[in-house]
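Undergrad: Give the three-dimensional model of this entry:
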Amino acid sequence: MKLLKPSWVSHNGKPIFSVDIHPDGTKFATGGQGEDSGKVMIWNMAPVLREEDEKNENIPKMLCQMDNHLACVNCVRWSNNGLYLASGGDDKLVMVWKRAAFIGPSTVFGSSSKLANVEQWRCVTILRNHTGDVMDVAWSPHDVWLASCSVDNTIVIWNARKFPEMVTCLRGHTGLVKGLTWDPVGKYLASQADDHSLKVWRTVDWQMEANITKPFSECGGTTHVLRLSWSPDGQYLVSAHAMNNSGPTAQIVERDGWKTNMDFVGHRKAVTVVKFNPKIFKKKQKNGSSPKPSCPYCCCAVGSKDRSLSVWLTSLKRPLVVIHDLFDKSIMDISWTLTGLGMLVCSMDGTVAYLDFSLDELGDPLNEEEKNSIHQNIYGKSLAITNTEAQLSTTIIENPEMLKYQQDRQSSAQNSSGPGGAGPEAAAPKLNSVMNGESLEDIRKNLLKKQVETRTADGRRRITPLCIAQLDTGDFSPALFNSAPILPSGSSMSNQLASQLSSDSSPGQAPSVGLRPNQDAMLTSPPPNCTAKGLEEPSGGVKSSLLLTSASKIEPMKALDSRFTERSKATPGVTAAIASTAGLAPLEGRPKDGGGALKESKVKDETSSDSEDKMAAINKNLSFSKRKPELMMDSSEVVEKRKKGRPRKDKMAASLVQTLTQRDSSRAAAPLPAAALRLQTPSTQKAFSLQVSMEPSVFVEVENEVSAVAGSKLSQLRCSRDGRDWNTLLPSSVVLAAGSSEVLAVASEDRMLSVFSSCGRRLLPAIQMATPMSALHCSAHFVMVLTAGATLSVWDVHKQKALVKNESLLTILSGTDTTVSQSLLTQQGVPVIGLSNGKSYCFSSSLGTWTLIADKGDSLLQCADFRSCLPTHDAPVCSGPLAIMQGRNLTAGRLASRLSSTAHHLQQSMTLAFLENQLASALTLQSAPEYRYWLLIYARFLVKEGSEYRLRELCKELLGPVHKSAVTSWEPATLGLRKRELLREVLPVIGENLRFQRLFTEYQDQLELLRGK
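TA: Next comes the predicted model:
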């Protein structure tokens, strides 16, 4: 270790209160008392490091002197990117300085010509809010915020991307606040004050996380500053001026539970400043010896009023070095170089000292990758890119396009003032939207104040769900599974509760699920003005999906099971959807949405245009058949789950009632053994009507047994399209009808299927099915039939050919009790079947196989964490077939992931596997918008996690062969999306990570070449 006191660094004998070394190590700043004002000075580091530079007259020692502060400067701090210097002083101001273009040497006012400013630094903003001396300032990691504290007992958080905007003012200390420090990823801010307390604040909602007083209770007297410090691995927070057995110590607070069991002892007077080395070290290997696995450790310097300095390693019981009487007065500030080997210390006596350590003394510093993996283990969130920004800021950008994307990224980061991406697992991005004149931030705070907390018998905290009046902003509702949930940090799954148990009913209207005497169980459609909630926005005036839950830590799996145990005492005006939830099985075990909130049962009331608009979103893409034969369970099961018959408040025609009984076999044309009929079939009704298309609007009415001719009973089918009507007669009773804007299909009791055009022309001859039909769907010009014998057929009416021929469902109906709970046909004619065991399959006609596209019990889904990769501007793809089959489950998974305690590398692999499954599913479902959406999330994830192999393979597949050749099997488009256009969308994402700039440039150039051809 070398020790040097450069005598030329001085404020003319006045005290120096603060020192800070620039991140690039070429200069350092000091702050203190000037002649009649505060003084900030910037010095050249070279003369300190090298003796020859100190002797060389041509190398300037002082670079700039700034006298703008009106009173003594207490603190100077460089921003992490090195662009700004913040200074706080006794004039109650925080000034932010930036280097200006050099105009030529200017002399310091009133000095001899020797003291010339070599660099121009000008004050770009003055932050005014404190009403007393500013004692300390601190930049958050990645320079999102700047915090300042003052003798007015407050801490002010400034938005460092939009000076002089103030984010918040933290009140809670009852004494002068004299020190601040951020944790290494910006999740917490710690402050220490003369009120004998150290407080830790959460950055996600700026509330107090911990208040530590015990180690400080004996402290007498005060120190000028209390500069505390957080270790670079995030594990420890070390305070100044604590006491233990009436001896001064530096208290070590553990991040895990804020325990205070250890301290640094030995100084004779109060500790004024603690500063951790920015590097994490591991033991140096002796030459030739095999590397021993050793624990990484940190290094910390402690300065005291007793004029001595000690340096500690967390791996040693005793200090590494103690230097007594280094100064004549108290030590005021310490700053390490970013390399971790050099340290500057300043004192009240107006001098500074430089200490130079060697790797042999401290150990080998971990590289960024190793440091990240430590952060990931502690914080569980990848900081791979954000953390290397310090080292990447010096990377030369070789490509102008790359520069553009880097600038875009910075500007977009500036626009979203939240901790986007940089924050740890819980930093929910702050939304700056404003509703009715108040920001969502305020709405959130007010709601948190109102929440009602109860305790269940086993002592768990339960928060009564709040209903929030409808807020129609796309990014505000977690119901859309792409939005950023506005939740307190540890919030649990329970905010999914109400949306799962409610079908947004209007006040006073209990959804009609009840039993009629002497009849089998009924499943009825909800009343006319209550849309059963699919994935669209709720139509009632109340939105029950936005709940704020407590920030208590709930184990993920318990949260999943216990959410049905207590009936939510919801706001009056929203009725709970199911008469009593006590008898319900947990969500995973029952058919989708419990059959109670009938997932797709759409409104059949032409007058309620409001709810029709709401449904149009889904209906454009999927013309569902508007009855519910698909949502059937075994009748016995249904009876069991409903409590005693609640009176049905049903204003709908009896024609809408769908009974669940098997058809009477005497009326079936060919009686079949019960075992052969795996699926439920609807019973015949006298009459029913339904709307089959929104745009254009098409309604179908069926009336059975209108007249009898020669012993056979005729049924009438009436259809009205945009006000024009047509009708036709069929020789047998109609059981099912379905339609789209192009075709209309009806299934009769005699197992015949008839297909008509939307103008009433018969398009196909009647098709005879082997068993009665269980479900019927039309979409575009495709018709799909699911029969009771568990077979599936799909026809393309335009081409008059079968896409799927009598394909058996027995492959996927594993186990005797599995039934079909949902079925749909996509716009591209791909049939999708949802089963009661939570799995959804689609039949791929190109592969000729059943493929799994969604599984409620999927553990990958529970642990996948890709929130930070979600696009900010893309509308969520919430109406595609994949989204419909996965539904809320996806949101659930994303929320569970923030609670899951899986190791980061495991979670990373699970997320990767999950995203690849999503891509493959979207491809099989031929859902182009969803394919594009998941492809971009996948690309973002690969870029964020730094997996170059997969990224390169993805780019290669999208680019294809540059030169035409006969042998290539590469297709230029997938699902109608041009692959090279997709690559153009992926490249800006790659451009956001400097580590991939070679990859970026390579594919950018090839695309340009191809465009030129």
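Undergrad: From here on, just use CA atoms for contacts and neighbour counts.
TA: OK.
Undergrad: Does residue 181 lie in a helix or a strand, and which?
TA: When secondary structure is defined using DSSP states H and E, the element that contains residue 181 is strand 177-182.
Undergrad: Give me the helices and strands touching that strand, please.
TA: Using 3 or more C-alpha pairs under 8 Å, 6 or more residues apart in numbering; DSSP states H and E as the contact criterion, the elements in contact with strand 177-182 are strand 134-139, strand 145-150, strand 188-193, strand 229-230.
Undergrad: Take the ones you listed and write them to JSON lines, including distance to residue 320.
TA: Supplementary listing: the helices and strands packed on strand 177-182 in JSON lines, determined by distance: least, C-alpha to C-alpha, whole Å:
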{"stretch": "strand 134-139", "distance to residue 320": "27"}
{"stretch": "strand 145-150", "distance to residue 320": "32"}
{"stretch": "strand 188-193", "distance to residue 320": "26"}
{"stretch": "strand 229-230", "distance to residue 320": "18"}
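Undergrad: do you know how far the residue nearest to residue 91 when sequence neighbours are not counted is from residue 767?
TA: If you skip the residues right next to it in sequence, residue 91 has residue 71 as its closest partner in space, 5.2 Å away by C-alpha to C-alpha, 6 or more residues apart in numbering. From residue 71 over to residue 767 the distance is 94 Å, taken as C-alpha to C-alpha, to the nearest Å.
Undergrad: Check the gap between residue 142 and residue 124 for me.
TA: Taken as C-alpha to C-alpha, the spacing of residue 142 relative to residue 124 amounts to 19 Å.
Undergrad: Which one's more surrounded, the two?
TA: Taking neighbours as other C-alpha atoms under 10 Å, residue 142 and residue 124 compare with residue 142 leading, 20 against 14.
Undergrad: Domain map for this protein?
TA: With the TED database as the criterion, the domains of the chain are listed as 2-103+114-283+294-368, 687-809, 859-1010.
Undergrad: Which of those comes out lowest on mean pLDDT?
TA: Among those, domain 859-1010 has the lowest mean pLDDT, at a mean of 80.
Undergrad: In terms of neighbours, single out the busier of residue 71 and residue 767.
TA: More neighbours sit around residue 71 than around the other of residue 71 and residue 767, counting by other C-alpha under 10 Å; the figures are 22 against 12.
Undergrad: hang on, that one packs against residue 36?
TA: Yes - distance between residue 71 and residue 36: 7.5 Å, which falls inside the contact criterion (C-alpha atoms under 8 Å).
Undergrad: which other residues reach the helix or strand harbouring residue 168?
TA: According to DSSP H and E, residue 168 maps onto strand 166-171. Judged by C-alpha atoms under 8 Å, 6 or more residues apart in numbering, the contacts made with strand 166-171 from elsewhere in the structure are 153-159, 206.
Undergrad: Output it as CSV, nothing but the C-alphas.
TA: Output of strand 166-171 as CSV, limited to C-alpha atoms (Å, rounded to 0.1, in the frame of the first residue of the first chain):
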residue,chain,number,x,y,z
MET,A,166,-39.3,16.3,-7.8
VAL,A,167,-40.5,12.7,-7.5
THR,A,168,-41.3,12.7,-3.7
CYS,A,169,-40.2,14.0,-0.4
LEU,A,170,-39.5,11.4,2.3
ARG,A,171,-40.5,12.6,5.8
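Undergrad: and the angle from that strand to strand 145-150?
TA: In this structure, strand 166-171 runs at an angle of 40 degrees to strand 145-150, with axes from the mean of the first three to the mean of the last three C-alpha atoms, to 10 degrees as the basis.
Undergrad: buried set for strand 166-171?
TA: Taking 16 or more other C-alpha atoms under 10 Å as the neighbour-count basis, strand 166-171 is seen to contain the buried residues 166-167, 169-170.
Undergrad: again, but for stretch 999-1010
TA: For stretch 999-1010, burial by neighbour count (16+ other C-alpha under 10 Å) applies to 999-1001, 1003-1004, 1007.
Undergrad: Tabulate the CA atom coordinates of that stretch in PDB.
TA: Below are the C-alpha coordinates for stretch 999-1010, written out as PDB (Å, rounded to 0.1, in the frame of the first residue of the first chain):
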ATOM      1  CA  LEU A 999     -24.100  -9.300 -34.600                       C
ATOM      2  CA  PHE A1000     -26.300  -6.200 -35.200                       C
ATOM      3  CA  THR A1001     -23.900  -4.700 -37.800                       C
ATOM      4  CA  GLU A1002     -23.600  -8.100 -39.600                       C
ATOM      5  CA  TYR A1003     -27.300  -8.500 -40.100                       C
ATOM      6  CA  GLN A1004     -28.000  -4.800 -40.700                       C
ATOM      7  CA  ASP A1005     -25.500  -4.900 -43.600                       C
ATOM      8  CA  GLN A1006     -26.900  -8.000 -45.100                       C
ATOM      9  CA  LEU A1007     -30.400  -6.600 -45.000                       C
ATOM     10  CA  GLU A1008     -29.200  -3.400 -46.700                       C
ATOM     11  CA  LEU A1009     -27.500  -5.600 -49.400                       C
ATOM     12  CA  LEU A1010     -30.700  -7.500 -50.000                       C
END
